[in-house]
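In: Got a sequence here, can you model it:
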Amino acid sequence: MLTTPYVTGTPNWIDLGTPDMDAAETFYRGVFGWSFRSAGPDAGGYGMFQLEGRTAAGAMTVPPEQGPPAWSVYFQSPDLDATAKTVMDNGGGVALEPMDVFDLGRMAIFTDPAGARYAAWQPGKNKGLDVVNDPGAVVWLELYTPEPDAALDHYAAVFGWETSTMPLPDGSGTYTMVNPAGAGTDAMFGGFVPLASDPLEAQGAPYWLPYFAAANCDATVAIAQQLGATVRMAPVEMEGVGRFAKLADTAGAKFAVMQGVETPA
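Out: Next up, the predicted model:
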């Protein structure tokens, strides 16, 4: 599970780039109950999606010529300049050089050796998202990549991530999970999936997919579909994990929803 307070390598921010903020605001309000709050006149249209007054994500308008609609995931860095160097030293690239965001912190955008984009956030006044794991908040991440072992080597070098594995329920192999260095498996926040092993993703490019928690996966998917979402994968059950589905919003940005297994009190 994702954790706060954040430590080095933890996912500490997520944001949406979309061509139509009004449409995105309407869609995500209906699906997750989010409201949108502008970051102010100097923020270039950037703002926060909030869940009962707590920041669950960021968002901004990205014209089609600047890139496709997509969710971006940020991982915590104590020193972005050093992180950028480590990224390049380990086969990655720098898509956006480290830059200050007022006094809130510093950000940069990278690519891993397979081309998957990810970002990093060095906290200033903004320490990260206010809410994770709750219904309507990010709860899990997955990287779809052609070579999981090479990807793991890259991210371990950049962020110090540790790994663990679990057998897949269908016996088809193992699922590799990651957690921040020294935080233990209770702080696992994501998994690595070989592109070729997933028929839905096999023909696509490498990318990070965010999962948002849902109190009821099927009901959330039904609402999203009514609001114009594309259901990329209908709800399925995974023993010991819960029920999840993959969607794309009205602009095409990919995300997933997950209803976790209830643990006994």
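
In: my read: A253 touches L16, true?
Out: Yes: A253 is in contact with L16 according to CB atoms under 8 Å; the separation is 6.0 Å. Where you see a C-beta, it was placed from the backbone N, CA and C, and this is true even at glycine.

In: so what sits against both of those two?
Out: Counting by CB atoms under 8 Å, 6 or more residues apart in numbering, the contacts common to A253 and L16 are P69, A70, W71.

In: which residues does G44 contact?
Out: Contacts of G44 (CB under 8 Å, 6+ apart): M60.

In: contacting residues around the closest residue to G9 other than its chain neighbours?
Out: In space, and not counting its chain neighbours, G9 is closest to F159: 3.5 Å by CB to CB, 6 or more residues apart in numbering. With contact taken as CB under 8 Å, 6+ apart, F159 is in contact with T8, G9, F75, S77, P180, A181.

In: try 10 Å
Out: Contact partners of F159, counting by CB atoms under 10 Å, 6 or more residues apart in numbering, are 8-10, 75-77, 83, 86-87, 118, 120, 178, 180-181.

In: How about T8?
Out: Taking CB under 10 Å, 6+ apart, one finds 75-79, 83, 159-161, 180-183 in contact with T8.

In: Pull out the buried members of those.
Out: Buried subset of those (neighbour count, 16 or more other CB atoms under 10 Å): F75, Q76, S77, T83, F159, W161, P180, A183.

In: The closest residue to D89 other than its chain neighbours sits in which helix or strand?
Out: Leaving aside its chain neighbours, D89 sits nearest to A157 (7.7 Å; criterion: CB to CB, 6+ apart). Take DSSP states H and E as the rule and A157 turns out to sit in helix 148-159.

In: What's the mean pLDDT across that helix?
Out: Mean per-residue pLDDT for helix 148-159: 96.

In: next one: stretch 234-244 to chain centre, how far?
Out: 19 Å (CA atoms, centre = their mean, to the nearest Å).

In: my bad, stretch 216-234
Out: Here stretch 216-234 is found 19 Å from its chain centre; the criterion is CA atoms, centre = their mean.

In: mean confidence for it?
Out: Stretch 216-234 comes out at a mean pLDDT of 98.

In: and the nearest residue to Q226 once chain neighbours are set aside, how many neighbours?
Out: Distances taken as CB to CB, 6+ apart place G30 nearest to Q226, at 7.9 Å, with adjacent residues excluded. Neighbour count for G30, taken as other CB atoms under 10 Å: 15.

In: low-confidence ranges in the protein?
Out: Low-confidence segments of the chain, defined by pLDDT under 70: 1, 168-173, 262-265.

In: Now do the residue nearest to G9 against S72, distance only.
Out: From F159 across to S72, the span is 16 Å (CB to CB, to the nearest Å).

In: Ok, D22 next?
Out: D22 is 20 Å from S72, by CB to CB.

In: who's more crowded, the two?
Out: S72 (22 against 10).

In: How much space separates that one from Y118?
Out: 7 Å.

In: Pairing partners for the one helix or strand M166 maps to, with directions?
Out: Assigned by DSSP H and E, M166 belongs to strand 162-167. As defined by DSSP bridges, the strand partners of strand 162-167 come to strand 174-179 (antiparallel).

In: After the strand it pairs with, which helix or strand is next?
Out: Next helix or strand after strand 174-179 toward the C-terminus (DSSP H and E): strand 190-194.

In: Give the partner strands of the helix or strand just after that next one in its sheet and their orientations.
Out: Where DSSP H and E defines the elements, the next helix or strand beyond strand 190-194 is strand 207-213. Strand 207-213 has the following strand partners under DSSP bridges: strand 138-145 (antiparallel), strand 254-260 (parallel).

In: quick one: the residue lying closest to E201 once chain neighbours are set aside from D112, how far?
Out: Spatial nearest neighbour of E201, excluding adjacent residues (CB to CB, 6+ apart): Y144 at 4.7 Å. Using CB to CB, Y144 is found at 12 Å from D112.
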